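J.: how would this look folded up:
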Amino acid sequence: MKELFWNASDLAQIKARALTLEEIMAQIELFRRGFPFVRLLRPCTVGDGVRLLGKSEIRELGEIYQKTSLSESHEIRPCFRGRHANV
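T.: I've put the predicted structure just below:
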């Protein structure tokens, strides 16, 4: 693999996530090699692998995400029944 060079912003983000360069390189290697296919038993549905969140939970989790995200460029736009909704 080509040697990667990290800028100051990259290194700060890696440190903020409490990771090491070795861990980052191992993650990159996983993506480089690819992941094996998974044989699924059935699709996930609400109540069987998928949890449907209420509007208040979405709002609360969106606030947590925005507070803990390293980037301020994320906008939370909940989707209800296939449509984006303002919460």
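J.: Residue 29: how many residues sit nearby?
T.: Residues lying near residue 29 (other CB atoms under 10 Å) number 10. Where C-beta positions appear, they are placed from N, C-alpha and C, glycine not excepted.
J.: I meant residue 25, not that one.
T.: Using other CB under 10 Å, the number of residues around residue 25 comes to 13.
J.: now do the one 3 residues further on
T.: The number of residues packed near residue 28 is 12, by other CB under 10 Å.
J.: What segments of this protein are helices?
T.: Ranges of helices in the chain, per DSSP state H, are 8-16, 21-33, 55-68.
J.: Of those, which is nearest residue 43?
T.: helix 55-68 (22.5 Å; CB to CB).
J.: so where is this protein shaky, pLDDT-wise?
T.: Applying pLDDT under 70 to the chain flags the ranges 1-4, 70-87.
J.: Show me the domain layout of it.
T.: Recorded structural domains for the chain (assignment: automatic domain parsing) are 1-39, 45-84.
J.: buried stuff in the shortest one?
T.: Neighbour-count burial for domain 1-39, with 16 or more other CB atoms under 10 Å as criterion, is recorded at residue 24.
J.: Export the helices of the chain as a markdown table, with columns for distance to residue 45.
T.: Below are the helices of the chain laid out as a markdown table (distance: least, CB to CB, whole Å):
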| stretch | distance to residue 45 |
| --- | --- |
| helix 8-16 | 36 |
| helix 21-33 | 29 |
| helix 55-68 | 19 |
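J.: Residue 42 is nearest to which of those?
T.: Closest among those, using CB to CB: helix 55-68, at 25.5 Å.
J.: And residue 12, how far from residue 34?
T.: 29 Å (CB to CB, to the nearest Å).
J.: Apologies, that question was intended for residue 43.
T.: 23 Å.
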